[in-house]
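Enquirer: Sequence and predicted structure, then a few things I'm wondering about:
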Amino acid sequence: MKFRVILTTLLMLAAASFGAHAQDIEAGKKKAEACVACHGTNGNSPSGAFPTIAGQNARYIYLQLRDYKEGRRKNPMMSPIAAGLEKQDMHDLAAYFASQKQARTSFKADPDRIKAGAAKAEESLCSMCHLGGMAGQNEVPRLAGQHPEYIVTQLKNFKARERTNDAGNMTSLAQTLSEEDITNLSHWIHSLF
């Protein structure tokens, strides 16, 4: 009898937790209406100027929004938008975009660049942080299938120390990359989806 009470209590707590999560996603969906202009429907950006955030891990999305709000990451469009977000808004948006399905882009990666990018990624130990297949984890973004143009921009920003909200890891790594390496990595990363 005691086991049954404990089991029932645990199931009720799990159901309540799931319900709260679903509400966060629904709240995030409403709040995400303003994001469509740049990040596309459901977070699938139609342009490499903006990242696809559909399917990105929620923790990473939340941290990037917080970094924009607090000035650790700067962007002329995102910084003012994030300035008006409350903590719950950021969590809701993160939950919503994380729950969306990433779509393929129309970019055609070059097979030779994919091969060179894979070799550079192995040499640079990219999977130590981003995991195999560039799936990401917690504070480390999922990169698989991301727009090559966006990857190139971010790697160049890390290399130039224009983006520094990475605890120095990407900034240090980017110093070792040539322009060719960056382009090759962008093709390889895109091909992983």
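Expert: Here it is on my side, so go on. Numbering: from 1, shown residues only.
Enquirer: Could you identify the helix or strand that succeeds the lowest-mean-pLDDT helix or strand in the chain?
Expert: When the helices and strands of the chain are compared on mean pLDDT, DSSP states H and E, helix 2-31 comes out lowest with a mean of 57. Toward the C-terminus, helix 2-31 is succeeded by helix 36-39 as the next helix or strand (DSSP states H and E).
Enquirer: just the CA coordinates of that following helix, formatted as CSV?
Expert: This file holds the C-alpha atoms of helix 36-39, laid out as CSV (Å, rounded to 0.1, in the frame of the first residue of the first chain):
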residue,chain,number,x,y,z
VAL,A,36,9.7,34.9,-37.3
ALA,A,37,10.9,37.9,-39.3
CYS,A,38,14.6,36.8,-38.8
HIS,A,39,14.5,33.2,-37.5
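Enquirer: Give the buried residues for the very next helix or strand once past that helix.
Expert: Downstream of helix 36-39, the first helix or strand assigned by DSSP H and E is helix 58-70. Using 16 or more other CB atoms under 10 Å as the test for burial, helix 58-70 gives A58, R59, Y60, I61, Y62, L63, Q64, L65, R66, D67, Y68, K69. Heads up, the C-betas are built off the backbone N, CA and C, glycines and all.
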